[in-house]
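Chemist: Return a 3D structure for these sequence lines:
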Amino acid sequence: MEVGLRARVELVVTGADTAQAVGSGDVPVVATPRLVALAEAATVRATAGRLPAASTTVGTRVELEHLAASGPGATVVAEAELSTVDGRRLGFAVTVTEAGRVVARGRIERAIVERARFLASVGVAP
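Modeler: Residues are numbered from 1 along each chain as shown. Take a look at the predicted model:
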């Protein structure tokens with residue numbers, strides 16, 4: 001895994017993505033948990049095709065500062081860049097923007113795991 005890998009994912013915000021819908025607030029703007037999921041999706045995409053077939057990554061830490069609101073109909077774009085590699089630990093810098101303005105930023109850490117062993121450890125069949 002090499003520092004500098006990048007990926008981006010987009011979301012057009014719908015009513016299902018709002019704080020009201022996911023239960024994280026009572027306003028009809030994109031929910032912070034939805035932005036976390038979008039940013040994590042960008043980190044997963046950044047490593048896609050770069051791991052051994054039997055491996056995957058799992059999230060271990062999220063720090064996200066939600067800076068501005070985005071309403072239904074807005075397109076938000078999450079970008080992730082692999083900034084650190086420490087053995088099996090991967091650190092990503094993440095930014096979420098809407099129409100060029102930063103609406104969230106932070107850091108996500110993921111760990112490389114052997115898929116079958118990981119699933120067995122929690123009692124799930126691969």
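Chemist: excluding its backbone neighbours, what's nearest residue 48?
Modeler: residue 7 (7.6 Å; CB to CB, 6 or more residues apart in numbering). For the C-beta atoms, the positions are set from N, CA and C on the backbone; glycine is no exception.
Chemist: per-residue pLDDT, that neighbour?
Modeler: Looking at residue 7, its pLDDT is 98.
Chemist: Please tell me I have it right and it contacts residue 80.
Modeler: Yes. With contact defined as CB atoms under 8 Å, residue 7 counts as touching residue 80 (5.6 Å).
Chemist: Compare these two (neighbour count), which wins?
Modeler: residue 80 (28 against 18; other CB atoms under 10 Å).
Chemist: In terms of helices and strands, where is the more buried one?
Modeler: strand 75-86 (DSSP states H and E).
Chemist: same question for the next helix or strand after that strand, mean pLDDT?
Modeler: Next in sequence after strand 75-86, counting helices and strands by DSSP H and E, comes strand 89-98. Per-residue pLDDT over strand 89-98 has a mean of 98.
Chemist: ok so, going back, which neighbours do residue 7 and residue 80 have in common?
Modeler: The contact sets of residue 7 and residue 80 overlap at 42-43, 45-46 (CB atoms under 8 Å, 6 or more residues apart in numbering).
Chemist: same for the worst-scoring helix or strand of the chain on mean pLDDT, what does it pack against?
Modeler: Taking mean pLDDT, DSSP states H and E as the measure, helix 115-121 is the helix or strand of the chain with the lowest mean score, a mean of 95. In terms of contacts (3 or more CB pairs under 8 Å, 6 or more residues apart in numbering; DSSP states H and E), helix 115-121 is packed against strand 55-66.
Chemist: any idea which of the shared contacts of residue 7 and residue 80 is the one closest to residue 61?
Modeler: Proximity of those to residue 61 (CB to CB) peaks at residue 43, which lies at 11.3 Å.
Chemist: Now do the same for that closest one: helix, strand or coil?
Modeler: helix (DSSP: H, G, I helix; E, B strand; the rest coil).
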